[in-house]
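[1] Sequence plus predicted model, see below.
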Amino acid sequence: MKNLSLGLLLGMALLSSCKKDKSTDNTTPETPIRSITAQSKAYVNQLFDFNPAPGQFDNTGIGDTVAAKSTLNGDQGLVSLGAWGGYIVVGFDHTILNVPYKEDFIVYGNAFANFSEPGVIWVMQDTNNNGKPDDTWYELTGSAQYKDGYTRNYSVTYTRPKCDTCSVPWKDNKGKTGFVKTNIFHKQPYFPIGIKGDSYTLNGTLLPSSNINDDDPSYITSAAYDYGYGDNTAGGDKIDIDNAIDAKGNKVNLKGIDFIKVQTGILYNMGWLGEQSTEFGGAADLSMLKN
């Protein structure tokens, strides 16, 4: 009996060990890290998506796919993302590591003193290691996060206007309506020619427009936020991956990121200056830039 009992115990232990090994084999692997090599570039070098909202630079030389591609491999390109929600998605040829207590990458725009057009920045890890931005986007929060008017899960539907040069109607998911208004300086269609349907919807995070001062219509200012957004400060905006949050607003710890999305954050018409429209000029890994 003792030998039989011992045999049963050994058999059960072996079975348990096999099950444990099988479970371990199915464990989800950690997010892969693409290391920097001698061929790696500091700047984003891949354009994955360009989806502008209607705006005064749409269908012009700084609001088309050619302009979007100009933002790759340097900091001298420029593309307008249009009104709220317009975005661009670009990628690096390596993983930008999240260095604790340091800013990790820089986003370029064309902001200058007393005038910024802040864009929300999203980041993604190449979790499935397929080289495509088809995993999970995480918003990088900035100093506007706790201000009145900051709204997550926001969306706006833009409708094709009745004529090519008419203002573009919009309606948001809060029941508000308005127009991306045309102006005398840009007389081409403001509705993107790449949109085949009569309307389309953009989703994201709305930033407050409280930093805009248009009391004097002849001199409109748009003050920068303290930190965290693209096209926010002159010379570029240094960004910390540690500010990433998930869909529920909870902080997430990312080891690194491979793709970024920059999206116009403010919905506001500034009279003769037109709509607030974030401009994107490129992005770079700070660890690879020479001081």
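    Alright, I've got the coordinates.
[2] Got the phi and psi for residue 152?
    phi -90, psi 160 (degrees, to the nearest 10).
[3] Which parts of the stretch 1-150 of the chain are helices?
    Using DSSP state H, counting those that start in this stretch, the helices of the stretch 1-150 of the chain run over 2-25, 65-69.
[4] Least confident of those helices, on average?
    Ranked by mean pLDDT, these bottom out at helix 2-25, which scores a mean of 39.
[5] in this protein, which segments are predicted with low confidence?
    Applying pLDDT under 70 to the chain flags residues 1-29, 291.
[6] The spatially most central residue of it in helix, strand or coil?
    When the chain is reduced to its mean C-alpha position, the closest residue under CA atoms, centre = their mean turns out to be residue 261, at 2.6 Å. Secondary structure state of residue 261, per DSSP: H, G, I helix; E, B strand; the rest coil, is strand.
[7] does it have beta-bridge partners, and which?
    residue 89, residue 122 (DSSP bridges).
[8] which stretch of helix or strand covers the residue nearest to residue 85 when sequence neighbours are not counted?
    Of all residues not flanking residue 85 in the chain, residue 202 sits nearest, at 3.0 Å (CB to CB, 6 or more residues apart in numbering). Yep, even glycine has a C-beta here, placed from its N, CA and C like the rest. Assigned by DSSP states H and E, residue 202 belongs to strand 199-206.
[9] Could you list the alpha-carbon positions for that strand in CSV?
    Below are the C-alpha coordinates for strand 199-206, written out as CSV (Å, rounded to 0.1, in the frame of the first residue of the first chain):
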residue,chain,number,x,y,z
SER,A,199,-19.8,63.4,-43.3
TYR,A,200,-17.2,61.9,-41.0
THR,A,201,-16.6,61.7,-37.2
LEU,A,202,-13.4,62.3,-35.3
ASN,A,203,-12.9,61.2,-31.7
GLY,A,204,-10.5,62.2,-28.9
THR,A,205,-10.0,64.6,-26.1
LEU,A,206,-11.1,68.2,-26.1
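[10] list the buried ones in that strand?
    Neighbour-count burial for strand 199-206, counted by 16 or more other CB atoms under 10 Å, picks out 200, 202, 204-206.
[11] Also stretch 37-53?
    41-47, 50-53.
[12] go on, stretch 215-223?
    Using 16+ other CB under 10 Å as the test for burial, stretch 215-223 gives 220, 222.
[13] got the contact list for it?
    With CB atoms under 8 Å, 6 or more residues apart in numbering as the test, stretch 215-223 has contacts from 114-117, 211-214, 270-273, 276.
[14] Next, the distance between the ends of it.
    End-to-end distance of stretch 215-223: 14 Å, with CA to CA, to the nearest Å as the criterion.
[15] same thing with stretch 69-80?
    12 Å.
[16] Ramachandran coordinates for the nearest residue to residue 211 once chain neighbours are set aside?
    Of all residues not flanking residue 211 in the chain, residue 223 sits nearest, at 4.3 Å (CB to CB, 6+ apart). Backbone geometry at residue 223, expressed as degrees, to the nearest 10, gives phi -70, psi 150.
[17] for residue 154, same thing?
    Torsion angles at residue 154 (phi, psi; degrees, to the nearest 10) stand at phi -100, psi 150.
[18] about what we covered before: let me have the buried residues of strand 199-206 in CSV, adding distance to residue 164 as columns.
    Putting those into CSV (distance: CB to CB, whole Å) gives the following:
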residue, distance to residue 164
200, 17
202, 21
204, 27
205, 31
206, 28
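[19] quick one: which of the residues you listed is nearest residue 188?
    residue 200 (18.6 Å; CB to CB).
[20] Inside strands: which ones of the contacts of stretch 215-223?
    212-213 (DSSP state E).
[21] Could you report the neighbour count for the closest residue in space to residue 278 that isn't next to it in sequence?
    Among residues not flanking residue 278 along the chain, residue 119 sits closest, at 3.3 Å (CB to CB, 6+ apart). The tally of other residues near residue 119 (other CB atoms under 10 Å) stands at 31.
[22] what's near enough to touch residue 119?
    Residue 119 is in contact with 81, 107, 109, 229-232, 262-265, 278, 280, counting by CB under 8 Å, 6+ apart.
[23] Now flag whichever of the residues you listed is closest to residue 73.
    residue 280 (13.9 Å).
[24] from what I can see residue 68 touches residue 50, true?
    Yes: at 4.0 Å, residue 68 counts as touching residue 50 under the criterion of CB atoms under 8 Å.
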